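J.: I'd like to go over a predicted model; first the sequence, then the structure.
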Amino acid sequence: MDILTIGLEKTAQLLPLTLELLKGLVVSAEIFFLTLIFALPLGLLVALGRMSGSVILRNIFRAYISIMRGTPLMLQLFVWFFGPYYLFNIKLNELSFCGIEYRFSAVIIGFSLNYAAYFAEIYRGGIESIAKGQYEAAYVLGYTRWQTFIRIILPQVIKRIIPPVTNEVITLVKDTSLAFSLSVLEMFTVAKEISSASSSMLPFVIAGIFYYIFNILVAGGMAVIEKKLNYYR
Amino acid sequence: MQVFQVSHLSKSFKEHQVLCDISMSVNEGEVVAIIGPSGSGKTTLLRCATLLERADGGEICFGDLCVAGVDKNGSFAYADKETLKKAHQRCGLVFQNFNLFPHMSVLDNIIDAPVHVQHIPRAEAYAEAMQLLMKMGLLDHAQAYPCELSGGQQQRIAIARALALHPDILFFDEPTSALDPELTQEILNVIRGLAEEHMTMVIVTHEMDFAAQVADRIVFMADGVIVEEGEAKSLIISPRHARTKAFLAGLNR
Ligand SMILES: Nc1ncnc2c1ncn2[C@@H]1O[C@H](COP(=O)(O)OP(=O)(O)OP(=O)(O)O)[C@@H](O)[C@H]1O
Ligand SMILES: [Mg+2]
């Protein structure tokens, strides 16, 4: 009788808990997709800068990549969040716009700039792996440099970098939990709050399951893209 | 009428002089074969002609269009970008290893440059590509991807891709040397067919019988200079210079 009531009570708790975590998951997903939307193109620009003919430009981007990859992402998030206030004395609530709190914007800025550095190195590896003959054939056929890059090189690069990009993207799903350091209410922050309020492990278990499912879907999606690009070698 | 001309062309890689004082010209409809030992500078000459490599001195012209030569100040220089672009419209190059675009279908490999470089309407480019594919005996493979084709088929596509831009002159750098012997003939037959249509061509080759049959003229290069040139059959049968004799004798051994 007792066991049954406890069981019922637990089940009754499970539903609101799951709903709270799902709300957090939506924020995690927002961080995830916004980071990809900004970091994937930005990474290409960084890669092009890193391979630029100008020594100065090349070294600037080399330093950028080195710093972004060589310092903790959590530390970078703090810099983006507190920097405006400590450096320029700008009040943080003045930085919120369209109802988006600055702490969320800071997370997106920090993640995008950080992941752009990782993506840049992946792009660079891909671009450098394309045979010289492809450039030469395009040049002799009269393509401009820009056309050569867009029509000939980039499509081949995209196919080659899918596996390393998949790795980064899966890491990103898990890294979204770092936003808890700025108290953004993504899934991990929510799980931590409920857990300490109710002294229970259950929120972490459920959150873990959600992260896992998220990543299964991401890996599946990337596999589909990879398969789609498999029509040539 | 001269379609292509180089005079006193020179090219060095660092200290190593690869081309010295090369002069040759090609008339419209003429087929010229370039032969010579490995390292004699044949590829470098074609790469200078197709602007893939920058020469150090001399003159390079496509008909009335000069892309490199002595400028107003008396120093060697290349022409402006616009002129180089025009020159690219006048010449084509077929590579030893094809260099097809692997992510494009056979058809797209052929029509992409006409459509995006020459801005020919797609339908027109398509019709022409189909004709070229028919000529190459590859009409069934229009939708295939290069990786699905044999080396010989890929090289025929590469030739069709170059022809689709209507070059005044087509350069070949050992078009058969990446192919199995049995595939070599199919490429040589395609080139033979083009020669019969009076396509202007310069072919670097090690196939002496083919050169003797198809070329109007043969140029023998060694150590960066043109040692001897002349009517194809007579150069093969009765070379005048000792170097040429030694080279041809070495091949027959
Ligand atoms: N990019 C380069 N840098 C330095 N040296 C080069 C370069 N390209 C060619 N060479 C040198 O120039 C010389 C001529 O090379 P080239 O490829 O033109 O000869 P080839 O006549 O085409 O020979 P093969 O019959 O083997 O193809 C060789 O000694 C080669 O090592
Ligand atoms: Mg060569």
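T.: The structure has been received and is ready for your questions. Residues are numbered from 1 along each chain as shown, chains lettered A, B, ... in the order given. Ligands and ions are numbered 1, 2, ... in the order given.
J.: name the residues of stretch B:57-74 that are buried.
T.: Neighbour counts using 16 or more other Cβ atoms under 10 Å in any protein chain shown place B:Gly57, B:Gly58, B:Glu59, B:Ile60, B:Cys61, B:Phe62, B:Cys66, B:Val67, B:Ala68, B:Gly69 of stretch B:57-74 among the buried residues. Placement of C-beta: from N, CA and C, glycine included.
J.: residue contacts, the residue sitting nearest the centre point of chain B?
T.: In chain B, the C-alpha nearest the mean C-alpha coordinate belongs to B:Phe171, at 1.1 Å (Cα atoms, centre = their mean). Contacts for B:Phe171 were tallied using Cβ atoms under 8 Å, 6 or more residues apart in numbering or on different chains; they are B:Leu46, B:Ala49, B:Thr50, B:Cys91, B:Gly92, B:Leu93, B:Val94, B:Met201, B:Val202, B:Ile203, B:Val204.
J.: tell me, what's the model's pLDDT at residue 176?
T.: Let's take chain A. According to the per-residue confidence, A:Thr176 scores 94 in pLDDT.
J.: let's do chain B instead
T.: According to the model, B:Thr176 scores 91 on pLDDT.
J.: quick check, it in contact with B:Ile187.
T.: Yes. Here B:Thr176 reaches B:Ile187: they are 5.0 Å apart, a contact under Cβ atoms under 8 Å.
J.: what residues do the two have in common as contacts?
T.: Residues touching both B:Thr176 and B:Ile187 comprise B:Gln155, with contact defined as Cβ under 8 Å, 6+ apart.
J.: low-confidence ranges, the chain, go.
T.: You didn't say which chain, so I picked chain A. Within chain A, the ranges that satisfy pLDDT under 70 run A:1-11, A:93-95.
J.: I was thinking of chain B, sorry if that wasn't clear
T.: When residues are selected by pLDDT under 70, those of chain B lie in B:252-253.
J.: of the contacts of B:Phe171, which are in range of chain A?
T.: B:Thr50, B:Cys91, B:Gly92, B:Leu93 (Cβ under 8 Å from any Cβ of the partner chain).
J.: for these, which one is nearest A:Glu226?
T.: Lowest distance from A:Glu226 to the ones next to chain A among the contacts of B:Phe171 (Cβ to Cβ) belongs to B:Leu93, with 33.8 Å.
J.: how about the secondary structure of that closest one?
T.: strand (DSSP: H, G, I helix; E, B strand; the rest coil).
J.: would you agree it is in contact with B:Cys48?
T.: No. Applying Cβ under 8 Å as the test, B:Leu93 and B:Cys48 come out as separate, 11.5 Å apart.
J.: so the residue nearest to B:Lys11 when sequence neighbours are not counted, which of the three states?
T.: Leaving out its chain neighbours, the residue that sits closest to B:Lys11 by Cβ to Cβ, 6 or more residues apart in numbering or on different chains is B:Leu19, at 4.2 Å. In terms of secondary structure, B:Leu19 is strand; the call rests on three-state DSSP.
J.: B:Leu19: what's it in contact with?
T.: Contacts here follow Cβ under 8 Å, 6+ apart; on that basis B:Leu19 touches B:Leu9, B:Ser10, B:Lys11, B:Gly41, B:Thr44, B:Leu45, B:Cys48, B:Ala55, B:Gly224.
J.: let's go with 10 Å and repeat that
T.: By Cβ atoms under 10 Å, 6 or more residues apart in numbering or on different chains, B:Leu19 lies in contact with B:6, B:9-12, B:40-42, B:44-45, B:48, B:53, B:55-58, B:221, B:223-226.
J.: sorry, back to before: now, the most widely separated pair of the buried residues of stretch B:57-74?
T.: When Cβ to Cβ is used, the two most widely separated members of those are B:Gly57 and B:Phe62, lying 18.3 Å apart.
J.: secondary structure element for the residue nearest to the centre of chain B?
T.: Using DSSP states H and E, B:Phe171 maps to strand B:169-173.
J.: so does that strand get close to ligand 1?
T.: No. Strand B:169-173 lies apart from ligand 1 when judged by Cβ under 6 Å from any ligand atom; the minimum separation is 7.3 Å.
J.: hey, where'd the helices end up in chain A?
T.: Assigned by DSSP state H, the helices in chain A fall at A:2-50, A:55-70, A:73-88, A:102-128, A:132-141, A:145-147, A:154-175, A:187-198, A:202-228.
J.: between the ones next to chain A among the contacts of B:Phe171, which is closest to B:Gln131?
T.: Top of the list for closeness to B:Gln131, among these and by Cβ to Cβ, is B:Gly92 at 16.8 Å.
J.: number of nearby residues for whichever residue of chain A sits closest to ligand 1?
T.: Using Cβ to the nearest ligand atom, the closest approach of chain A to ligand 1 is made by A:Lys132 at 10.2 Å. A:Lys132: 9 surrounding residues under other Cβ atoms under 10 Å in any protein chain shown.
J.: okay but it is in contact with B:Arg47, surely?
T.: No. The pair A:Lys132 and B:Arg47 fails to qualify as a contact (Cβ atoms under 10 Å) at a distance of 11.8 Å.
J.: good, we can wrap up now.
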